[in-house]
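*Asks:* Give me a model of this one.
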Amino acid sequence: MAIFHYISDSRYTLDGVIRYIRGRLNKGNDVRQTSKHYGNVSDYDGLFVDPDHAAMDMLLFKNICSKEGGSQYKHFVLSLEDNELVRYLNCMTPEGLNRWDVFWDVAWAIQDITNCQLVYAVHTNTKNIHMHIIINPIRMDTYQKLNIDYQMFYGMIGTLNEILRSYRLREIRGGQGFCRDDDDQIINNDDTERKWWNIYPTGIEYLIPQS
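*Replies:* Residues are numbered from 1 along each chain as shown. I've put the predicted structure just below:
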């Protein structure tokens, strides 16, 4: 099965996380720190940004909207089932679709749901081919911050499953996210503990992460 994650970890700056998914943590002549994905990024692109200057474009849009504070990005990961795609020698569906195009369609689906700028990268350095999606959390239609709750996340899974089915790939059977609002406050909880949620076809299960 495929898995879809919403990652709340913000250990990187916006520029840093984009360089991480590109496999380019090093800056300039500093080669001491290199992303583990270096040399294993099969695809990298952006929507409504110049992919080579994505962080600058996103920061500029934040500045125009006066939304420089708060969360700097939203991070999603779509992991396909073990060896999915790899086992298809020609990567074509019976209908003539190239299965590698699934990532482009997923990116556009996420952009359509969120109405935000984004970049994505596909990594092939693990047995699960996976796709990182970095979103600038300022909506282009309202110029307001994007709020991702479990309803939106569940809707994303439904939309992505339709895409995966069209490419004859296995569907998402679960996902995990961290509920926060735009000001980094915990939501869907009593505001005293961080709450994770798992999503399955039958509903939503709330989990308190282990310390």
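*Asks:* List the residues that contact Val77.
*Replies:* 4-5, 7, 130-133 (CB atoms under 8 Å, 6 or more residues apart in numbering). C-beta coordinates here come from the backbone N, C-alpha and C atoms, glycine included.
*Asks:* How much space separates it from Val119?
*Replies:* In this view, Val77 and Val119 are 13 Å apart by CB to CB, to the nearest Å.
*Asks:* Please go through the chain and pick out the longest helix.
*Replies:* helix 150-166 (DSSP state H).
*Asks:* list the helices and strands that helix packs on?
*Replies:* strand 2-7, helix 102-114, strand 172-178, strand 196-200 (3 or more CB pairs under 8 Å, 6 or more residues apart in numbering; DSSP states H and E).
*Asks:* the inter-axis angle of the first one versus helix 150-166?
*Replies:* Think strand 2-7. Between strand 2-7 and helix 150-166, the angle comes out at 150 degrees (axes from the mean of the first three to the mean of the last three CA atoms, to 10 degrees).
*Asks:* now the second one
*Replies:* Taking the same axes, to 10 degrees, one finds that helix 102-114 is oriented at 150 degrees with respect to helix 150-166.
*Asks:* Buried ones in helix 102-114, by neighbour count?
*Replies:* Residues 102-107, 110-111, 113-114 are the ones in helix 102-114 that count as buried (16 or more other CB atoms under 10 Å).
*Asks:* which regions of this protein sit below the pLDDT cut-off?
*Replies:* Counting by pLDDT under 70, the chain contains low-confidence residues at 8-10, 24-40, 85-91, 174-211.
*Asks:* what ranges do the helices span in it?
*Replies:* In the chain, the helices defined using DSSP H lie at 14-22, 54-64, 102-114, 150-166.
*Asks:* and Gly46, which of those helices is closest to it?
*Replies:* Shortest distance between Gly46 and those, using CB to CB, is found for helix 54-64: 5.0 Å.
*Asks:* Just the C-alphas of that closest one, formatted as CSV.
*Replies:* The C-alpha trace of helix 54-64 is given here as CSV (Å, rounded to 0.1, in the frame of the first residue of the first chain):
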residue,chain,number,x,y,z
ALA,A,54,11.8,28.4,-5.3
ALA,A,55,12.6,29.7,-1.8
MET,A,56,13.2,33.2,-3.1
ASP,A,57,9.9,33.2,-5.0
MET,A,58,8.0,31.9,-2.0
LEU,A,59,9.5,34.4,0.4
LEU,A,60,8.8,37.2,-2.0
PHE,A,61,5.1,36.1,-2.1
LYS,A,62,5.0,36.0,1.7
ASN,A,63,6.4,39.5,1.8
ILE,A,64,3.8,40.8,-0.7
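*Asks:* Quick one: list the elements packing against it.
*Replies:* With contacts taken as 3+ CB pairs under 8 Å, 6+ apart, helix 54-64 sits against helix 14-22.
*Asks:* angle of the helix it packs on against helix 54-64?
*Replies:* Going by the same axes, to 10 degrees, helix 14-22 makes 150 degrees with helix 54-64.
*Asks:* Quick check: which helices or strands does helix 14-22 pack against?
*Replies:* Packing partners of helix 14-22 (3+ CB pairs under 8 Å, 6+ apart): strand 41-47, helix 54-64, strand 118-123, strand 130-135.
*Asks:* tell me, what's touching Val77 and Val119 both at once?
*Replies:* Ile133.
*Asks:* How many neighbouring residues does Met1 have?
*Replies:* 12 (other CB atoms under 10 Å).
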